[in-house]
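Engineer: One predicted model, sequence on top.
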Amino acid sequence: MTDVKMVNLTIEGRPVTVPDGTSILEAAKTAGVLVPHYCYHPGLPVAGVCRMCLVEVEKFPKLAPACATTVMEGQVVHVHSPKALEARKGVLEFLLINHPLDCPICDQAGECELQDYTFAEGRADSRYREPKRFNPVEDFGGDVLYVQNRCILCTRCVRFMGDVAQEPVLNVSERGDRAFIGKAEGHDLTNPWAGNVIDLCPVGALLSKDFLNKARAWELDRAATVCTGCSQGCNAVAETRDNVPVRLKPRPNDAVNQYYMCEVGRQTYREFARRDRADQPMVRAGATLQVTEWDEAISAAARAVEGRRVVVVASPNLSNESLFLLERIIGQVNGQGVFRVGRGNSIPLPGATDLALREERAANASGARLLGFAEVPAIGAAVREGDALLIVGDALAEVSEAELAAASQLVFVGTTVPALVAKHATVVLPMTNTLEEEGTFTNLRGRVQRYLQARTAPGVARPTWYVLADLLTAVGGAGQFFVPNEVFAALAATHPKFAGLDYESLGLRGLPIVEQSPSVPAAEVTA
């Protein structure tokens, strides 16, 4: 392998060294200088159509577009020179000629690049006195609305659908001042990846129907999370308003999802926003479940599994930390660990390397396999007469009463209380969901990734690892853990595949396990 040639240049008086072939715009980022831009995006082909990233390069005869100009040895670049600033001010003036003053009602307000750059570098007033042109809002299908009045024709959406999704539904129709983003006749943005055009749009021209008028950008609290829609493990940002999840957006990670996220993953926020939550521990008293204290509920759960063969049914959306504690509980009692995982069609994003909506529709099936849990087609296949059943995180979807009939005791740890649980459970322990706790998942490629808490839990529901640590202690095991990174440290110390990993080294982009798990389904490895 040949060494990469490095190029030295100066940007805004700061020395910069970057690989040959890097654009001036990307090189400026390494110096902490943001070159204003609209059409450029690191995940899309360069178009150079917005002319917003014009910079002055010494010895160049005219201003250069930073997105389409590669660095050269000894180059001296001025991003904020009077000549460059005047040019960008002119570009902004033209962009605003027909742009409506919609900021007070626009969903993009507060995170709009046109707002930001106009405030930073635009004119203080407008010289345009004629009426602005008006066009009606168009439904692009799927989750996308097109507000033509706000469009600045950066063509990010066109390039995404054509080059990344490889479904060229969008185009630039007409020419000159009449140009707009057109949609192919008879086609809609129903591609499972089409929602990314909303994130890519730098202004409020492409809007999400689902998020429309739900919140303002400055009202939202944000936290880094990992999508639970499938085993890809896309990095995401969870946004909440008044402690209610309202949106999931992709978070860049070149090793996993680049800049994108599918519609299935985006809609998982709805599951986290359910109002029928279990928020109090309950113990059966006769025919009904009665609210009780945590200590009493944990003790009742320990008694329910004592002296019996225990079948632990774990959700493949549990964290590595929770699965590790369940593994210890299984080792402490006479237990067996199993899990069920929903499946669907694998839908790749053609223009993004190794990115797809995966067949396994769960975030941590790989972690479950690594920690000794076996996949079963149905709960009834693992339960024998007289067993105690410990269900953690599995909502019992498509489970019949007959499948649970053989169990003599049912301890349920979950976020909601299904009808079967209300009828048969001995103990119910309320746990948090992914947005309400901190932990890690292992995706299908064996990459361990952290997610952070985005909201507070309802009632007295506790983090899943916390509930299981208390239960482990109650059945005689060593469950003295007080924060999730202590649980992960114990996991890494006892499982060679996780050796050397900790929360600090994982950061928010994750690291691979020591070697790829051979238990990942072959269909997923080749997808």
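Structural biologist: Alright, I've got the coordinates. Numbering: from 1, shown residues only.

Engineer: For the residue nearest to residue 212 when sequence neighbours are not counted, list the residues it contacts.
Structural biologist: Closest residue to residue 212 apart from its sequence neighbours, by CB to CB, 6 or more residues apart in numbering: residue 107 at 6.4 Å. Just so you know, the C-beta spots here come from the backbone N, C-alpha and C atoms, and that holds for glycine as well. Residues near residue 107 by CB atoms under 8 Å, 6 or more residues apart in numbering: 204, 207-208, 211-213.

Engineer: what about residue 107, is that helix, strand or coil?
Structural biologist: The assignment at residue 107 comes out as coil when based on DSSP: H, G, I helix; E, B strand; the rest coil.

Engineer: got TSV for the contacts of residue 107, with distance to residue 160, pLDDT and neighbour count too?
Structural biologist: What follows is the contacts of residue 107, written out as TSV (distance: CB to CB, whole Å; pLDDT from 0 to 100; neighbours: other CB atoms under 10 Å):
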residue	distance to residue 160	pLDDT	neighbour count
204	17	94	25
207	16	97	22
208	15	96	18
211	19	96	17
212	21	95	10
213	25	93	8
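
Engineer: Please convert those residues to a markdown table, extending it with secondary structure.
Structural biologist: Shown next, in a markdown table, are those (three-state DSSP):
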| residue | secondary structure |
| --- | --- |
| 204 | coil |
| 207 | strand |
| 208 | strand |
| 211 | coil |
| 212 | coil |
| 213 | coil |
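
Engineer: which SS class is residue 480?
Structural biologist: coil.

Engineer: Correct me if wrong: it contacts residue 473.
Structural biologist: Yes. Using CB atoms under 8 Å, residue 480 is in contact with residue 473, at 6.8 Å.

Engineer: out of the two, which sits in the busier spot?
Structural biologist: Taking neighbours as other CB atoms under 10 Å, residue 480 and residue 473 compare with residue 473 leading, 16 against 10.

Engineer: and the spatially most central residue of the chain, which of the three is it?
Structural biologist: Closest to where the C-alpha atoms of the chain average out (CA atoms, centre = their mean) is residue 236, at 2.1 Å. Put simply, residue 236 is strand when judged by three-state DSSP.

Engineer: Phi and psi next, for residue 288.
Structural biologist: phi -130, psi 160 (degrees, to the nearest 10).

Engineer: ugh, wrong one, residue 239
Structural biologist: phi -110, psi 130.

Engineer: distance of it from residue 221?
Structural biologist: 7 Å (CB to CB, to the nearest Å).

Engineer: mind checking pLDDT for residue 343?
Structural biologist: Confidence at residue 343, expressed as pLDDT, is 94.

Engineer: so where do the strands sit in the stretch 401-527 of the chain?
Structural biologist: Shown for the stretch 401-527 of the chain, the strands assigned by DSSP state E, counting those that start in this stretch span residues 409-414, 427-430, 439-442, 447-451, 511-512.

Engineer: Which stretch among those strands is buried most, on average?
Structural biologist: Among the strands of the stretch 401-527 of the chain, ranked by average contacts under mean count of other CB atoms under 10 Å, first place goes to strand 439-442 (a mean of 28).

Engineer: which ones are touching residue 507?
Structural biologist: Here residue 507 is in contact with residue 450 (criterion: CB under 8 Å, 6+ apart).

Engineer: Near residue 348, how many other residues are there?
Structural biologist: Residue 348: 15 neighbours (other CB under 10 Å).

Engineer: Show me the beta-bridge partners of it.
Structural biologist: Beta-bridge partners for residue 348, by DSSP bridges, are residue 356.

Engineer: Residue 392 too?
Structural biologist: Going by DSSP bridges, residue 392 forms beta bridges with residue 314, residue 413.

Engineer: isn't it right next to residue 322, touching?
Structural biologist: Yes. Here residue 392 reaches residue 322: they are 7.1 Å apart, a contact under CB under 8 Å.

Engineer: any common contacting residues for the two?
Structural biologist: 314, 464, 468.

Engineer: among those residues, which ones are buried?
Structural biologist: In the shared contacts of residue 392 and residue 322, burial by neighbour count holds for 314, 464, 468, counting by 16 or more other CB atoms under 10 Å.

Engineer: Apart from its neighbours in sequence, what residue is nearest the last one?
Structural biologist: Leaving aside its chain neighbours, residue 468 sits nearest to residue 325 (3.9 Å; criterion: CB to CB, 6+ apart).

Engineer: now the one you found, what's its secondary structure?
Structural biologist: Applying three-state DSSP: residue 325 is helix.

Engineer: Next up, the contacts around it.
Structural biologist: 465, 468-469, 472, 479, 481, 487.

Engineer: so where's the chain uncertain?
Structural biologist: By pLDDT under 70, the low-scoring segments of the chain are 1-2, 516-527.

Engineer: now the angle from the helix or strand containing residue 322 to strand 409-414?
Structural biologist: Using DSSP states H and E, the element containing residue 322 is helix 320-332. Orientation check (axes from the mean of the first three to the mean of the last three CA atoms, to 10 degrees): helix 320-332 against strand 409-414 gives 170 degrees.

Engineer: I figured residue 147 hits residue 201, correct?
Structural biologist: No. Look at residue 147 against residue 201 with CB under 8 Å: they stay out of range, at 9.7 Å.

Engineer: And those two? Which one has more around it.
Structural biologist: For residue 147 versus residue 201, the count of surrounding residues by other CB under 10 Å is larger for residue 201: 26 against 21.

Engineer: Contact partners for that one?
Structural biologist: 108, 154, 156-157.

Engineer: and these as TSV, adding distance to residue 409?
Structural biologist: Shown next, in TSV, are the contacts of residue 201 (distance: CB to CB, whole Å):
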residue	distance to residue 409
108	53
154	61
156	56
157	55
